[in-house]
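# just to be clear, the model below is a prediction. Sequence and coordinates:
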Amino acid sequence: MRIVIAGGHGKIALLLESLLAERGDQAVGLVRNPAHVADVLKAGAEAVVCDLEAASAGDVAVLLAGADAVVFAAGAGAGSGAPRKDSVDRAAAVLMADAAERAGVRRFVQVSSMGAGQPPRPGSDEVWAAYITAKTAAEDDLRSRDLDWIILRPGGLTDTPPTGKIRLAAPPVPGGTVPRADVAAVIAALLDDPRTRQQTLELVGGDRPVAAAVRRIS
Ligand SMILES: NC(=O)c1ccc[n+]([C@@H]2O[C@H](COP(=O)([O-])OP(=O)(O)OC[C@H]3O[C@@H](n4cnc5c(N)ncnc54)[C@H](OP(=O)(O)O)[C@@H]3O)[C@@H](O)[C@H]2O)c1
């Protein structure tokens, strides 16, 4: 499979690229900073420089030609303000979905976040509220499209080693944390199972092996 990953130098993306390379899939990481190309190559993926806040859907559709799947793993990240939550977490996700439709790439995995799908709680911090609003809008956009989409909402991300054991289910799943490495493993397993589509899934650490958890929802 050829899989294009938006936010190709993100922490989840680099872990996913390594997993895909190990099993013989071809990942392509889209990065906005040319200095990040070397890390993506080291992870076993191709790298393409593309700023998703500057590119058009037509530009990105060209990059998706011949791909089997798209993963949206970009994010404005900690330290960014409300405007970039909108321009990355919402608008770049919409751009990727638009480009996937234009390029005829049906399979689309969107990394969202637990908390999305509902209005931010009253009294929430302004940037958190903008983040949740952006993630919710990106999800709503993807659900409206004729694509084989999966929306994956991880809980709080950690950089601890993978446990290989998760809880993956339709919302609501009680809040929790999950290692980024386990999120990457779940995405790799979802991409491998074409029966998993048109589902919104929440993900935290749990007691079910990744492969079994993905089989259970497929
Ligand atoms: N933190 C949490 O606890 C948590 C919980 C649930 C879900 N999530 C979501 O999980 C996803 C992945 O998380 P992560 O920790 O792997 O993310 P990350 O390490 O912050 O990576 C995000 C990537 O997006 C890239 N990006 C930002 N703006 C871009 C643009 N205009 N064009 C192209 N790429 C751009 C960043 O590139 P630069 O380095 O160039 O900025 C970065 O490589 C994010 O969507 C995040 O919101 C996070």
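Sure, I can see it.
# quick one: list the elements packing against the longest helix seen in the chain.
Longest helix in the chain by number of residues (criterion: DSSP state H): helix 126-143. Helices and strands touching helix 126-143, as assessed by 3 or more CB pairs under 8 Å, 6 or more residues apart in numbering; DSSP states H and E, comprise helix 82-84, helix 91-103, strand 107-111, strand 114-117, strand 148-154. Bear in mind the C-beta positions are built from the backbone N, C-alpha and C, glycine included.
# what does the protein put close to the ligand?
7, 9-13, 30, 32-33, 51-53, 73-77, 88-89, 92, 111, 113, 154, 156-157, 180 (CB under 6 Å from any ligand atom).
# now, those residues that are in strands?
30, 111, 154, 156, 157 (DSSP state E).
# does the second one really touch residue 70, like I thought?
Think residue 111. No: using CB atoms under 8 Å, residue 111 is not in contact with residue 70, being 11.4 Å away.
# neighbour count: those two, which is higher?
residue 111 (30 against 27; other CB atoms under 10 Å).
# with adjacent residues omitted, what lies nearest to that one?
Nearest residue to residue 111, sequence neighbours excluded (CB to CB, 6 or more residues apart in numbering): residue 73, at 4.8 Å.
# residue contacts, that neighbour?
5, 6, 7, 8, 10, 12, 13, 16, 111, 187 (CB atoms under 8 Å, 6 or more residues apart in numbering).
# what about 10 Å?
Applying CB atoms under 10 Å, 6 or more residues apart in numbering to residue 73 gives the contacts 5-17, 29-30, 109-111, 152, 180, 183-184, 187.
# residue 189 now?
Neighbours of residue 189 in contact, by CB under 10 Å, 6+ apart: 19, 166, 168, 196, 209, 210, 211, 212, 213, 214, 215, 218.
# most neighbours, which of those residues?
residue 166 (27 neighbours).
# that one and residue 187 touch, don't they?
No: applying CB atoms under 10 Å, one finds residue 166 not in contact with residue 187, separated by 11.7 Å.
# so what sits against both of these two?
154, 203, 214.
# buried residues, stretch 195-202. List them.
Neighbour-count burial for stretch 195-202 flags 196, 197, 199, 200, 201, 202 (criterion: 16 or more other CB atoms under 10 Å).
# now it: mean pLDDT?
Stretch 195-202 carries an average pLDDT of 96.
# how about stretch 95-115?
Mean predicted lDDT for stretch 95-115 stands at 98.
# straight-line length of it, end to end?
Counting by CA to CA, to the nearest Å, you get 22 Å between the two ends of stretch 95-115.
# residue in the chain with the shortest distance to the ligand?
Per CB to the nearest ligand atom, residue 10 is where the chain lies closest to the ligand, at 2.4 Å.
# now that residue. Its backbone dihedrals?
Main-chain dihedrals, residue 10, degrees, to the nearest 10: phi -70, psi 170.
# let me see the contact set for it.
So residue 10 contacts 16, 17, 29, 31, 36, 73, 74, 75, 77, 111, 180 (CB under 10 Å, 6+ apart).
# run the last query once more with 7 Å
Applying CB atoms under 7 Å, 6 or more residues apart in numbering to residue 10 gives the contacts 73, 74, 75.
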